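Chemist: Here is my input; please provide its structure:
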Amino acid sequence: MPEPTPGEHHLQGAARTPEEGVIADTGMGGTMDLATAEGETLETTPDGPQGTGPSEKPRSLWSDAWRDLRRNPVFIVAGLIILFLVFISLWPGAITWESPLQCNLAKAQEGSQPGHPFGFDGQGCDVYTRTVYGARTSVTVGVLATLGVALFGSVLGGLAGFFGGAGDSILSRITDIFFAIPVVLGGLVLLSVVTSNTVWPVIGFMVLLGWPQISRIARGSVITAKQNDYVQAARALGASNSRLLLRHITPNAVAPVIVVATIALGTYISLEATLSYLGVGLKPPTVSWGIDISAASPYIRNAPHALLWPSGALAVTVLAFIMLGDAVRDALDPKLR
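Modeler: The predicted model follows:
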């Protein structure tokens, strides 16, 4: 076998020595000296289609929304406030040590004292304890009313938007009638004849007058979703109406309902406090921020602390849910990306 020429010996040695690099053919009769990493890159076949690099699993709307929410400081602040409210609603005894119904008239309207940081109201009740326990009532009413409104309104609106026809026209006229009813005035009329001390009459009233808004939003979202190509393709393949609604339309039409319901939750908490303040909502001995605000209003000059603390708690709670709704809207709306 003939011995290799010096040039060939150099090429073979370069190919066998990684530290010195590799030799690549330029395609024009010459060679080019490359670093080892670059040589390996040229020899590696890309994993992705048509050499686009490693393939990545496509993300859904919900995964993109969750990624955006985790980076949104508004969502983080609102979420922390809401988590704290939920915690004290479930376990108020974890941060307070008295009963909200334990009052001492001898301490009526007195200010902050050791063990009583918020002072006492006009009946000698501890304002701090009543403010903590008031969160349970407000959060319970807001969450249950929102769930009822979202379920009832979205089902009616979704079915009307999907099937259309006379049912859709009748539902549209009914929602117009309910939109014409003033909420506070309707509460004064309907709840004034209720003698129950539970939260259910107030929740039922909110569901009764709150469903038209969600219904109209769900109807429009379903009408938009059912016109997409994937829905038409599924229908052409023989998919039933129930499968079209549950598998193809609902997952792509529920985002606007979630956004509006989240914002409306804070509105329902405010509405409960308003009705309780007017005397037609929750009634004593139920502990409510609206009841405490109403009881402290006559003493605002002598004991302003009895009014400011429940009012501040109510304002922060409503603001937290509105901020949460705005953050969810920004994350779920593709036009804002």
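Chemist: and residue 108, what are its phi and psi?
Modeler: Phi and psi for residue 108, reported as degrees, to the nearest 10, are phi -60, psi 130.
Chemist: ok, the residue nearest to it when sequence neighbours are not counted to residue 295 distance?
Modeler: Counting by Cβ to Cβ, 6 or more residues apart in numbering, residue 124 is the residue found nearest to residue 108 once chain neighbours are left out, at 4.3 Å. Every C-beta, even on glycine, is put in place using the N, C-alpha and C of the backbone. Applying Cβ to Cβ, to the nearest Å, one obtains 12 Å for the distance of residue 124 from residue 295.
Chemist: Compare these two (neighbour count), which wins?
Modeler: Between residue 124 and residue 295, counted using other Cβ atoms under 10 Å, residue 295 has the larger neighbour count: 19 against 15.
Chemist: got the contact list for that one?
Modeler: With contacts defined as Cβ atoms under 8 Å, 6 or more residues apart in numbering, the neighbours of residue 295 are 121-123, 306.
Chemist: again, 6 Å this time
Modeler: Contact partners of residue 295, counting by Cβ atoms under 6 Å, 6 or more residues apart in numbering, are absent.
Chemist: cool, residue 149 as well?
Modeler: Going by Cβ under 6 Å, 6+ apart, residue 149 touches 207, 210-211, 214.
Chemist: does it belong to a helix or a strand, and which?
Modeler: Element membership of residue 149, judged by DSSP states H and E, is helix 127-163.
Chemist: what mean pLDDT does that helix have?
Modeler: Per-residue pLDDT values across helix 127-163 average out to 94.
Chemist: Which strands or helices does the next helix or strand after it pack on?
Modeler: Using DSSP H and E, the helix or strand that directly follows helix 127-163 along the chain is helix 165-179. Packed against helix 165-179, as judged by 3 or more Cβ pairs under 6 Å, 6 or more residues apart in numbering; DSSP states H and E, are the following elements: helix 127-163, helix 200-225.
Chemist: just the CA coordinates of helix 165-179, formatted as CSV?
Modeler: Taking Å, rounded to 0.1, in the frame of the first residue of the first chain, the C-alpha atoms of helix 165-179 are listed here in CSV:
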residue,chain,number,x,y,z
GLY,A,165,-84.6,29.9,16.0
ALA,A,166,-87.7,30.9,18.0
GLY,A,167,-86.1,29.9,21.3
ASP,A,168,-83.2,32.3,20.8
SER,A,169,-85.6,35.2,19.9
ILE,A,170,-87.8,34.5,23.0
LEU,A,171,-84.7,34.4,25.3
SER,A,172,-83.4,37.7,23.9
ARG,A,173,-86.7,39.4,24.6
ILE,A,174,-86.7,38.0,28.2
THR,A,175,-83.2,39.2,28.8
ASP,A,176,-84.2,42.7,27.6
ILE,A,177,-87.0,42.7,30.2
PHE,A,178,-84.7,41.8,33.0
PHE,A,179,-82.1,44.4,31.9
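Chemist: in that helix, what counts as buried?
Modeler: The neighbour-count criterion (16 or more other Cβ atoms under 10 Å) identifies 168, 171, 175, 178 as the buried residues of helix 165-179.
Chemist: neighbours of the residue nearest to the second one when sequence neighbours are not counted, just the number please.
Modeler: Distances taken as Cβ to Cβ, 6+ apart place residue 160 nearest to residue 171, at 4.5 Å, with adjacent residues excluded. In terms of burial, residue 160 registers 24 neighbours under the definition other Cβ under 10 Å.
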